[in-house]
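S.K.: Pasted the sequence and its predicted model underneath.
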Amino acid sequence: MEIRLAHKSDLSRIVDIYNQSIPSMCSTGDLQPLDKNEQIPWFEEHIPTVCPIYVAEMNRLVVGYNSLSLYRGGRGAFRYVRETSFYVDNQFKKKGVASQLMEFVLRQCEILQVKTLITFVMAHNKPSIHLLKKYGFERWALLPNIADFNGKEFNHTIYGKRLINS
């Protein structure tokens, strides 16, 4: 497996992987599939030296990705915080893709001078929570019943990891 910065040509595959997660009502709050063309601004906001998107590739096929985003719109006091989001193609789950992506991202955070990494996770997303705990993330917040999937309500959680102590 190779992990590298995402290229614009990867966007279609990134969106395909993301869209696979929507029916589970477990990995995202989106209810409808995303359109690749509508995601171009999202991709372009991810400047590699600030908020990169990394893809995991196997045999020249993108099988997963991890994106880092500014927290709270990049407000100055939060300049050392990034939100991480990770998704793996359904056919490649439980093959170590998410783990390798997370290990890579954690190493890159030092280069990017990220002090704190956070992520928002549905409270019933056991595989993601297990991965986060494996890498030292802790649950920092519970947002009760704020996700409504056609009448079914779920809790949303915030997990975080302090990478650099001041």
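M.R.: Right, received. Where do you want to start?
S.K.: switch to C-alpha atoms for all contacts and neighbour counts from now on
M.R.: Will do.
S.K.: Where does pLDDT dip in the protein?
M.R.: Scanning the chain for pLDDT under 70 picks out 165-166.
S.K.: Quick check, central residue of it?
M.R.: The centroid of the chain falls nearest to Ser85 when counting by C-alpha atoms, centre = their mean (0.8 Å).
S.K.: so that residue is in which element?
M.R.: If you go by DSSP states H and E, Ser85 is part of strand 81-88.
S.K.: Can you spell out which helices and strands pack onto the helix or strand following that strand?
M.R.: The C-terminal neighbour of strand 81-88 among helices and strands, as given by DSSP H and E, is helix 97-111. The criterion is 3 or more C-alpha pairs under 8 Å, 6 or more residues apart in numbering; DSSP states H and E, and the helices and strands that helix 97-111 contacts are strand 53-58, strand 61-70, strand 81-88.
S.K.: Identify whichever of those lies nearest to Leu142.
M.R.: When the helices and strands packed on helix 97-111 are compared by C-alpha to C-alpha, strand 81-88 sits nearest Leu142, at 16.4 Å.
S.K.: can you pull the alpha-carbon coordinates of that closest one into CSV?
M.R.: The C-alpha coordinates for strand 81-88 follow below in CSV (Å, rounded to 0.1, in the frame of the first residue of the first chain):
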residue,chain,number,x,y,z
VAL,A,81,-6.1,22.1,15.4
ARG,A,82,-7.1,19.9,12.6
GLU,A,83,-10.2,17.8,12.1
THR,A,84,-9.5,14.4,10.6
SER,A,85,-12.0,12.4,8.5
PHE,A,86,-11.3,9.0,7.2
TYR,A,87,-13.1,6.6,4.8
VAL,A,88,-12.2,3.2,3.3
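S.K.: Could you tell me the angle between that strand and strand 61-70?
M.R.: Relative orientation of strand 81-88 versus strand 61-70 (axes from the mean of the first three to the mean of the last three C-alpha atoms, to 10 degrees): 160 degrees.
S.K.: All further residue positions should be reported with the first residue as 5.
M.R.: I'll keep to 5 as the first residue from here, and by that count the last item is strand 85-92.
S.K.: Need the helices and strands packed on helix 101-115 in CSV (columns: distance to Arg143).
M.R.: Compiled in CSV, the helices and strands packed on helix 101-115 are given as follows (distance: least, C-alpha to C-alpha, whole Å):
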stretch, distance to Arg143
strand 57-62, 24
strand 65-74, 19
strand 85-92, 14
